[in-house]
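Student: quick one: sequence and predicted model below, then my questions.
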Amino acid sequence: MFERLKAMLVKEFIQVLRDPRMRFVIFVIPAMQTIIFGYAVNTDVRQVATAVYDLDNSSQSRELADRFIRSGYFNLHEHVFTEERAQELIDRGEVKAVLRMNHGFSEGLVGGRGAAVQLILDGTDSNTAGIALNYAARIVAGYSEKLQLESASRAAGRQLEGSGVELSSRAWYNENLESRNFYVPAVITNIVFIITMLLSSMAVVREKEIGTIEQVIVTPIGKGEFILGKTIPFVLIGFINVALISLVAVFWFEVPLRGSVLLLFGSTALFLMSSLGIGLLISTVSRTQQQAMMSAFFVIFPAMLLSGFAFPIESMPQVVQWITCLNPMRFFLVIIRSIFQKGVGIEILWPQLLALLILGVTILSSAVLRFKKTLG
């Protein structure tokens, strides 16, 4: 048995790795994609291009505008003096925000009546607009608190210390709230799923297309040995990809790896059962490699969208949330992010590990049964 399995493994490794371009795709491209995704997939909003439309031109209005620019969240593009110019800048996409202060801004503040400030946002990018609006609200609130404290100090004739409730916030695990720490570990899930599923989806159908499947059938090798011989090389490739991407994440992007490396590879093994099972299932029902490739892409994109990689599952409709329970990427993403950022172990992650085990056994068993039916 072991000799037959060894021969099958040697055959598969030679077939997969004999092409230098294929070796480049399997081992180099994932690292390059991780670097690209690490820089590109970033929801942190900094240096929002901003125009200042100051009709009041007072010391108070200039101070507020200066607070916006000094915050680091807004970058002064230019001072505008007409509404037409402000609208033109937004229409052209040269600025994402226009800070407008009308006549009488300083008089309202000095007279104690209060004053309004308007922030015009380009809402085509709702994510950036929403985050910029939150930054602006905090800046204006801080400026308002300063003015109120100064007014109270003048009324009392002495310097007053701040009073009232003060919020002290602290973020655990991702102290600086960097989106990179959230997205880069998730890239492991995407790349490993894509590569291993694509490779396994070609495994059986390639034998059919080149006409060697009949030769395999008449050999003494059993169906289980055939499946193992087809999947073990891809399992090893998946582990190598996880190691390479993790090294890039930790040493290039400085994403902390707080959890167990052993648990990381153990959960990867459970995840590979599902990804390879899906690939083998596609390979057994496809007649050509082109069909297998197209079928694989029809699976990849819904799986990524319903995994929680970019969109929170909690925000999806209830029916869609139930459907995501059939997606192994959903559970592996939770595991990967928890191992990297929180450093938790099996005592916390056992529900996700159990879900991966159930999905993996079910999908892989279906692929084996389908393969048996095909041979018959």
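Tutor: Great, that's in hand. Residues are numbered from 1 along each chain as shown.
Student: so what's the closest residue to Arg206 other than its chain neighbours up against?
Tutor: Nearest residue to Arg206, sequence neighbours excluded (C-beta to C-beta, 6 or more residues apart in numbering): Gln289, at 6.0 Å. The C-beta positions use only the backbone N, C-alpha and C, and glycine is treated the same way. Residues near Gln289 by C-beta atoms under 8 Å, 6 or more residues apart in numbering: 202, 205-206, 209.
Student: with Ala292 instead?
Tutor: By C-beta under 8 Å, 6+ apart, the neighbours of Ala292 are 201-202, 205, 282-283, 286.
Student: picking that back up, of the contacts of Gln289, which is the nearest to Val250?
Tutor: Lowest distance from Val250 to the contacts of Gln289 (C-beta to C-beta) belongs to Met202, with 31.5 Å.
Student: and the gap between that closest one and Val25?
Tutor: 12 Å (C-beta to C-beta, to the nearest Å).
Student: who's more crowded, those two?
Tutor: Set Met202 next to Val25 and count neighbours by other C-beta atoms under 10 Å: Met202 wins out with 21 against 14.
Student: what pLDDT, on average, does the helix or strand containing Ile194 get?
Tutor: Assigned by DSSP states H and E, Ile194 belongs to helix 179-201. Averaged over helix 179-201, pLDDT sits at 87.
Student: wasn't Met50 part of a strand?
Tutor: Actually, residue 50 is Thr. It isn't Met. Yes - applying DSSP: H, G, I helix; E, B strand; the rest coil, one finds Thr50 inside a strand.
Student: strands of this protein, residue ranges please.
Tutor: Using DSSP state E, the strands assigned to the chain run over residues 48-54, 74-79, 97-101, 118-121.
Student: just checking, what packs against the first one?
Tutor: Think strand 48-54. When contacts are defined as 3 or more C-beta pairs under 8 Å, 6 or more residues apart in numbering; DSSP states H and E, strand 48-54 packs onto helix 59-70, strand 74-79, helix 83-92, strand 97-101, helix 126-156.
Student: now do 6 Å
Tutor: Counting contacts by 3 or more C-beta pairs under 6 Å, 6 or more residues apart in numbering; DSSP states H and E, strand 48-54 packs against strand 74-79, helix 83-92, strand 97-101.
Student: out of those, deepest packed?
Tutor: Highest mean neighbour count among these (mean count of other C-beta atoms under 10 Å): strand 97-101, with a mean of 23.
Student: that older thread, may I see the helices and strands packed on strand 48-54 arranged in TSV, with mean pLDDT as well?
Tutor: Below are the helices and strands packed on strand 48-54 laid out as TSV (pLDDT from 0 to 100):
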stretch	mean pLDDT
strand 74-79	91
helix 83-92	89
strand 97-101	91
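Student: make TSV out of these and add distance to Phe340.
Tutor: Shown next, in TSV, are the helices and strands packed on strand 48-54 (distance: least, C-beta to C-beta, whole Å):
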stretch	distance to Phe340
strand 74-79	31
helix 83-92	39
strand 97-101	34
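Student: my guess is Phe309 contacts Val187. True?
Tutor: No - in this structure Phe309 lies outside contact range of Val187 using C-beta atoms under 6 Å: 8.7 Å.
Student: between those two, which one's more packed in?
Tutor: Counted by other C-beta under 10 Å, Phe309 and Val187 do not tie: Val187 has more neighbours, with 23 against 18.
Student: who's in contact with the more buried one?
Tutor: By C-beta atoms under 6 Å, 6 or more residues apart in numbering, the contact set of Val187 is 34, 37.
Student: for Gly308, see how far away it is.
Tutor: Note on Val187: its distance to Gly308, by C-beta to C-beta, is 13 Å.
Student: and Leu55, its phi and psi?
Tutor: Main-chain dihedrals, Leu55, degrees, to the nearest 10: phi -80, psi -20.
Student: surely it and Asn102 touch.
Tutor: Yes - using C-beta under 6 Å, Leu55 is in contact with Asn102, at 5.2 Å.
Student: JSON lines please, covering the contacts of Ala292 and showing distance to Val334.
Tutor: JSON lines is the format used below for the contacts of Ala292 (distance: C-beta to C-beta, whole Å):
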{"residue": "Ser201", "distance to Val334": "25"}
{"residue": "Met202", "distance to Val334": "29"}
{"residue": "Val205", "distance to Val334": "32"}
{"residue": "Ile282", "distance to Val334": "25"}
{"residue": "Ser283", "distance to Val334": "28"}
{"residue": "Ser286", "distance to Val334": "31"}
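Student: for this protein, which residues score under the pLDDT cut-off?
Tutor: Applying pLDDT under 70 to the chain flags residues 1-9, 11-12, 15-16, 41-44, 112, 151-170, 210-224, 372-376.
Student: so for it, the centremost residue is which one?
Tutor: Closest residue to the average C-alpha location of the chain: Tyr183 at 3.6 Å, with C-alpha atoms, centre = their mean.
Student: now that residue: how far from Lys146?
Tutor: From Tyr183 to Lys146 the distance is 36 Å (C-beta to C-beta).
Student: without its sequence neighbours, what residue ends up closest to Val248?
Tutor: Per C-beta to C-beta, 6+ apart, closest to Val248 is Thr34, 4.7 Å.
Student: who's in contact with Val344?
Tutor: By C-beta under 6 Å, 6+ apart, the residues touching Val344 are Ser338.
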